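# model this:
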Amino acid sequence: MKKGIVFIISIIVIFVAMFIGIWVYNKGIENEKKTEENTNKNEETVNNMSDIKVNTRNEEIKLSPNCSLLFKTKYKKCNHTSNKYINIPKELVNKTKKELEEKYPEWKIEVFKNNKVELLKTEEGQCEDHYVLKDINGKIIIFKINEKGEETEYQKTDISTEYITETDKVTMKNGLKVYGKENLSQLIEDFE
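Down below sits the predicted model:
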């Protein structure tokens with residue numbers, strides 16, 4: 001009798017296991033069909049979305065309060081460029097590129113970032129960093145050359161020309177041209 005009960009329980013366990021196996025198998029097939037249907041729907045949605053135009057918001061760059069402005073002036077006559085850095089004026093904070101163009105119509109915007117702006121303008125004359133050193137009455141006199149090429153007295157020095165070389169004396173009679181304050185300072189220092 002024990003063998004009979006064990007046999008019946010074994011058959012019931014086998015049938016239950018078969019039933020569970022079939023049920024799990026059918027659920028797997030059902031899930032595969034749903035996944036395939038979803039994939040087809042997604043592909044269809046993607047195909048339909050290609051016809052839809054999406055409006056994206058284009059954020060304009062605006063100037064921050066920490067922005068630095070660089071005004072570059074290029075001079076045609078001497079081909080030099082002078083740079084002037086300034087901190088942003090309060091009235092330009094939060095302005096866009098278009099608003100800056102309206103504020104400075106004679107300048108071309110080369111760089112426009114929220115923390116850095118570079119503006120360029122071209123001038124016909126020459127820059128203000130041109131000097132001429134001349135020997136006048138035995139002393140070195142510095143003349144500044146303006147944008148029109150005219151010389152105006154800039155500084156009288158106490159440097160006597162009697163102690164400079166003959167080559168420098170001849171050059172000074174015709175005018176020794178110097179570009180830039182650094183070069184001018186260095187040359188004056190050499191003559192002292």
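# domain ranges for this protein?
Recorded structural domains for the chain (assignment: automatic domain parsing) are 68-123, 130-191.
# Ile145: neighbour count?
Applying the criterion other CB atoms under 10 Å, we find 23 residues in the vicinity of Ile145. For every residue, glycine as well, the C-beta is placed using N, CA and C.
# try Leu69
18.
# just the one 5 residues further on next, same as before
Neighbour count for Lys74, taken as other CB under 10 Å: 14.
# Phi and psi next, for it.
Its backbone dihedrals place Lys74 at phi -100, psi 130, with angles given as degrees, to the nearest 10.
# Can you give me the buried ones in stretch 168-176?
For stretch 168-176, the buried set under the neighbour-count rule, 16 or more other CB atoms under 10 Å, comprises 168, 171-172, 176.
# Go through those residues and name the one nearest Lys3.
Using CB to CB, Leu176 is the member of the buried residues of stretch 168-176 that sits closest to Lys3, with 127.5 Å.
# Quick check on that closest one: phi, psi?
The phi and psi torsions at Leu176 (degrees, to the nearest 10) take the values phi -90, psi 110.
# so who does it touch?
If a contact means CB atoms under 8 Å, 6 or more residues apart in numbering, then Leu176 has 132-134, 168, 187 as its contacts.
# any idea how far Lys84 is from it?
When distance is defined by CB to CB, to the nearest Å, Leu176 is 27 Å away from Lys84.
# Same check on Tyr163?
Computed as CB to CB, the Tyr163 to Lys84 distance reads 38 Å.
# same deal with Glu150?
If you measure Glu150 against Lys84 using CB to CB, the figure is 23 Å.
# same question, Asp168
When distance is defined by CB to CB, Asp168 is 34 Å away from Lys84.
# shaky segments in this protein?
Per-residue confidence for the chain (pLDDT under 70) gives these ranges: 1, 31, 33-58.
# 50 - rerun?
Across the chain, the ranges flagged by pLDDT under 50 are 46, 49-57.
# what about the strands in it?
Counting by DSSP state E, residue ranges of the strands within the chain are 68-75, 81-87, 108-113, 116-123, 130-136, 139-145, 151-160, 176-179.
# Any idea which of the ones you listed gets closest to Val13?
Across the strands of the chain, closest to Val13 is strand 108-113 (CB to CB), at 75.9 Å.
# In terms of secondary structure, what does that closest one contact?
Contacts defined by 3 or more CB pairs under 8 Å, 6 or more residues apart in numbering; DSSP states H and E place strand 108-113 against helix 97-103, strand 116-123.
# Pairing partners for that strand, with directions?
Based on DSSP bridges, the pairing partners of strand 108-113 within the sheet are strand 116-123 (antiparallel).
# Fine by me, thanks again.
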